[in-house]
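> got a structure for you, letters missing:
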């Protein structure tokens, strides 16, 4: 959905995963492709798991940089996601600095989003809905448009 929304803007999108879901692309190759492409931003979207008691959850945004601006960007991304989806959850930390491979080894600003817990009684009905996917896509779009000053393509 996000790719479709971004197609209306002056930007290029490169997916580094296998869009068919048939094979796993290594984290090393995902990072290598993004770095070779000289991307402006790297966003990795996931659903979390492993919550004790299967209660709560919510959205978490990870970043890996000592640059204060990166934390600010991660917070803005989180704020956009929460404003649209309302999937706050019960996590104490919602914007976290952590060295996940894809956000640690990319050369560009990188964010890893845990978009709800797939083993939470609270989150599952939400994250399986098309409405949540739409709201998430628009939140990511708004973040990217505002952060990178994206402009709409001119109509021919």
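Perfect, thanks for sending it. Keep in mind that this is a model prediction, so the values were computed, not measured.

> use CA for all of it now, contacts and neighbours both
Will do.

> Can you list the buried residues in the lowest-mean-pLDDT helix or strand in the chain?
Lowest mean confidence among the helices and strands of the chain (mean pLDDT, DSSP states H and E): helix 124-127, at a mean of 90. Within helix 124-127, the residues scored as buried using 16 or more other C-alpha atoms under 10 Å are 124, 126-127.

> which one of the residues you listed is nearest residue 77?
residue 127 (17.8 Å; C-alpha to C-alpha).

> out of everything not next to it in sequence, what's closest to that closest one?
residue 116 (6.6 Å; C-alpha to C-alpha, 6 or more residues apart in numbering).

> for residue 99, same thing?
In this structure, residue 99 finds its nearest non-sequential neighbour in residue 64, 5.5 Å apart by C-alpha to C-alpha, 6+ apart.

> ok, now residue 41?
Per C-alpha to C-alpha, 6+ apart, closest to residue 41 is residue 109, 5.0 Å.

> got the contact list for the one you found?
40-42, 70, 103 (C-alpha atoms under 8 Å, 6 or more residues apart in numbering).

> Now with 7 Å, please.
If you count contacts by C-alpha atoms under 7 Å, 6 or more residues apart in numbering, residue 109 has them with 40-42, 70.

> Go through those residues and name the one nearest residue 60.
Nearest to residue 60 among the contacts of residue 109, counting by C-alpha to C-alpha, is residue 70 at 14.9 Å.

> now that closest one, what's its secondary structure?
helix (DSSP: H, G, I helix; E, B strand; the rest coil).

> can you count the residues close to it?
When neighbours are counted by other C-alpha atoms under 10 Å, residue 70 registers 17.

> cool, and residue 150?
16.
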